[in-house]
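Peer 1: Generate coordinates for the sequence data below:
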Amino acid sequence: MKPNFLIPAFILGLIQILGLIMMFREPDLIWMWAIAMLMLPVAWFLLERLRFRGALDQSALDDQKTVRWSVSAASIMIVVPLSFTVLYDTGIAGFSDTFEQRLAGIVFGIVLVGYGNLVQKRPASLGKGIDNAARQQTTNRQAARIFVMTGFAYIAVWCFVHINYTVGFSMVVLVAMVIMIAGNALRRHIISR
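Peer 2: Model prediction:
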């Protein structure tokens, strides 16, 4: 079965619409909205073209599915704060800038928790043998646990830390996640040799 293309394309389309609205609302920041609109679609296009062009084997389809779900998750992380910015900037919603920031941070944490739950349930590709697939599945499960723990920590930071310190603390949480996942993957790689 071909991996779903419409979900990430739809979410990226929302980013394009919201970015265009913000370009008209804040023309002095047009460069920022252009980056928000173009970075992820260009990266996804290059991945699809360079990695998956003409690949029909099951391993490539599994990898393509992972990339598309990752693009969907990353798109949600962009579209939610961007939509709150549009609502706040246009005056449609009556919430404060602080509320917008906190809500976007909480949604980002929820996406991390959701992504962690999905990663561990997805079986590893058997394209390179059962031993490698089992090792990859173990690494995925451990990374998934780290994603879930990081998501909950991220939510806690955006719920309970004073707004002046939320960005700093949330960056510490994300850097710690990256270090733990990379360290775990490196450890697994060294053990497998």
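Peer 1: alpha carbons only for contacts and neighbour counts from here, please
Peer 2: OK.
Peer 1: Distance of residue 50 relative to residue 64?
Peer 2: Using CA to CA, to the nearest Å, one obtains 12 Å as the distance from residue 50 to residue 64.
Peer 1: Equivalent analysis for residue 176, please.
Peer 2: Distance check for residue 176 against residue 64: by CA to CA, it reads 27 Å.
Peer 1: re earlier: higher neighbour count, residue 50 and residue 64?
Peer 2: residue 64 (21 against 10; other CA atoms under 10 Å).
Peer 1: where's the helix or strand bottoming out on mean pLDDT in the chain relative to the chain centroid, distance-wise?
Peer 2: Here the helix or strand of the chain ranked lowest by mean pLDDT, DSSP states H and E is helix 58-90, holding a mean of 78. Chain-centre distance of helix 58-90: 6 Å, with CA atoms, centre = their mean, to the nearest Å.
Peer 1: Packing partners of that helix?
Peer 2: Contacts defined by 3 or more CA pairs under 8 Å, 6 or more residues apart in numbering; DSSP states H and E place helix 58-90 against helix 6-25, helix 30-52, helix 97-121.
Peer 1: Comparing those helices by mean pLDDT, which bottoms out?
Peer 2: Lowest mean pLDDT of these: helix 30-52, a mean of 81.
Peer 1: Report the buried residues of that one.
Peer 2: Buried residues in helix 30-52, counting neighbours by 16 or more other CA atoms under 10 Å, are found at 30, 33, 36, 37, 40, 41, 44.
Peer 1: Identify the residues contacting it?
Peer 2: Residues outside helix 30-52 that contact it (CA atoms under 8 Å, 6 or more residues apart in numbering): 12, 15-16, 19-20, 22-23, 60, 64, 71, 74-75, 78.
Peer 1: same question, stretch 107-116
Peer 2: For stretch 107-116, contacts defined as CA under 8 Å, 6+ apart pick out 73, 76-77, 80, 143-155.
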